[in-house]
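**Student:** Next one to model:
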Amino acid sequence: MATFTANSIELNGGAKFEGGSGGFLSDAPSGSPIQIVHATQNSQITTTATSNVLILEGTITPKAVNSQILVLGNVNHYSNAGNTQNWTNSFWCSLHQKTSGGSYSKVAQYEHPGVRNDIHELCIVCPITYYSATVTQGTQYYFAYYVKNVSTGDTHYYARSTDSSTQKQNGAKMTLIEIASYI
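**Tutor:** This next block holds a predicted model:
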């Protein structure tokens, strides 16, 4: 039988959930979501760069001690073949992380999705999945998607508006989920 008080729920066997500040349950079982934050790319980015271009950034401030951040999302990409190089239409996609006041460092790389294609257009959705190391309670964490063209001479579009869709509908998406983890 469960016991309920104003700030906690205690289950048989000793499982206890206590109210934390900000409306989350502290002492949640490992693997339980604590908070969820969403970010969406709202405007089209067009690039010919073969250097990193930031297309989306999301932030989360962990509420619990010893939690981790699960990053889920996607990058939507469109390119016309602009040259005759081997990897025209391809792009690098990477996830970077930093804390407030710090510098970004790459935590995940998604091998350049694309094909050897010099005569056609190409549309790609690159899925993003990443599970962080333990994060620090109360510290703001930033996660960012960066892209860069593999070949010079290509024009790449991120959040391209097509078929009556808006940039927000067609843009990159990021979901940051703080997960309880007692290591």
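
**Student:** Can you list the low-confidence ranges for this protein?
**Tutor:** The model of the chain has pLDDT under 70 over residues 1-9, 11-27, 81-87, 112-120, 182-183.

**Student:** Dihedrals phi and psi, Lys168?
**Tutor:** phi -60, psi -40 (degrees, to the nearest 10).

**Student:** Tell me who's in contact with it.
**Tutor:** Each residue near Lys168 by CB atoms under 8 Å, 6 or more residues apart in numbering is listed here: 40-42, 159. (Glycine included, C-beta is placed from N, CA and C.)

**Student:** and the nearest residue to Thr99 once chain neighbours are set aside, what does it touch?
**Tutor:** Nearest non-adjacent residue to Thr99, counting by CB to CB, 6 or more residues apart in numbering: Thr139, 5.4 Å away. Applying CB under 8 Å, 6+ apart to Thr139 gives the contacts 61-62, 99-100.

**Student:** Skipping adjacent residues, who's closest to Ile60 in space?
**Tutor:** Counting by CB to CB, 6+ apart, Ile60 lies nearest to Leu176, which is 4.3 Å off, once chain neighbours are set aside.

**Student:** May I see the buried residues of the lengthiest strand in the chain?
**Tutor:** Among the segments of the chain that qualify as a strand by DSSP state E, the longest is strand 67-80. By neighbour count on 16 or more other CB atoms under 10 Å, the buried set for strand 67-80 is 67-71, 73-79.

**Student:** And stretch 32-50, by the same measure?
**Tutor:** By 16+ other CB under 10 Å, the buried positions in stretch 32-50 come out as 32, 34-35, 37, 39-41, 44-45, 47.

**Student:** Against which helices or strands is whatever helix or strand Ile34 lives in packed?
**Tutor:** In this structure, Ile34 sits in strand 33-40 according to DSSP states H and E. Contacts defined by 3 or more CB pairs under 8 Å, 6 or more residues apart in numbering; DSSP states H and E place strand 33-40 against strand 53-60, strand 173-180.

**Student:** Which stretch among those is buried most, on average?
**Tutor:** strand 173-180 (a mean of 20; mean count of other CB atoms under 10 Å).

**Student:** Please identify the pairing partners of it and their relative orientation?
**Tutor:** strand 33-40 (antiparallel), strand 67-80 (antiparallel) (DSSP bridges).

**Student:** Can you lay out those as TSV showing distance to Ala180?
**Tutor:** Supplementary listing: the strands paired with strand 173-180 in TSV, determined by distance: least, CB to CB, whole Å:
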stretch	distance to Ala180
strand 33-40	6
strand 67-80	6
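
**Student:** Noted, bye for now.
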